[in-house]
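Novice: with the input below, show me the fold.
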Amino acid sequence: MSSIRVVIAKPGLDGHDRGAKVVARALRDAGVEVIYTGLHQTPEQIVSAALQEDADAIGLSILSGAHMTQFSRVLELLRERNATDIVVFGGGIIPDADIAELEQMGVAKIFTPGAPTSEIVGWVSAKLGHDEPAAPASQRGT
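Specialist: Residues are numbered from 1 along each chain as shown. Purely as a prediction, here's the structure:
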């Protein structure tokens, strides 16, 4: 999985990042290159980081209840920048009723609290494992 690059981000005002760090470490330990953006990131900062880092995916961790707004904005910005090849997934405190709507929006996968890191790592490997390198950031819109 060494060719997989994932940005892990904490959008909005949520200040709890333990889960994001646990996922980032599990992915890193499995050979994924992880870029952790830190707390209080805007969707614009997150998408910019993903483009600059030539990421294959963005993993959003949201506990604040703002998941519909945050995921929607990240997906919108990726569309605007012709970067819909960047897979968006996430986790946190997200009601079951919202998961289907998020998936309809284009979120590839939502992991709820208690999801084993092995499940997340397995999904990332299966979804993003690729034989060919991703298109360079220079070929994506800016």
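
Novice: could you look up the SS state of the nearest residue to H40 once chain neighbours are set aside?
Specialist: What sits nearest to H40 in space, not counting adjacent residues and going by C-beta to C-beta, 6 or more residues apart in numbering, is L13, at 6.4 Å. (Glycine included, C-beta is placed from N, CA and C.) Recorded secondary structure, L13: coil (DSSP: H, G, I helix; E, B strand; the rest coil).

Novice: same question for G59.
Specialist: Remark: G59 carries the secondary structure label strand [criterion: three-state DSSP].

Novice: tell me the spacing between the residue nearest to H40 and I62.
Specialist: Computed with C-beta to C-beta, to the nearest Å, the distance linking L13 and I62 is 11 Å.

Novice: so how far is the longest helix along the chain off the chain centroid?
Specialist: For the chain, the longest helix by residue count, based on DSSP state H, is helix 67-80. The chain centroid and the centroid of helix 67-80 are separated by 11 Å, computed with C-alpha atoms, centre = their mean, to the nearest Å.

Novice: count the residues that sit near R81.
Specialist: Look at R81: counted by other C-beta atoms under 10 Å, it has 16 neighbours.

Novice: pretty sure the residue nearest to H40 sits against L63.
Specialist: No - distance between L13 and L63: 10.4 Å, which falls outside the contact criterion (C-beta atoms under 8 Å).

Novice: which of L13 and I62 has more neighbours?
Specialist: I62 (25 against 9).

Novice: surely R81 meets L51?
Specialist: Yes - at 6.4 Å, R81 counts as touching L51 under the criterion of C-beta under 8 Å.

Novice: pLDDT value on the residue nearest to the spatial centre of the chain, please?
Specialist: A centroid search over the chain (C-alpha atoms, centre = their mean) returns G59, at 1.7 Å, as the residue closest to the centre. Turning to G59, the model gives it a pLDDT of 98.
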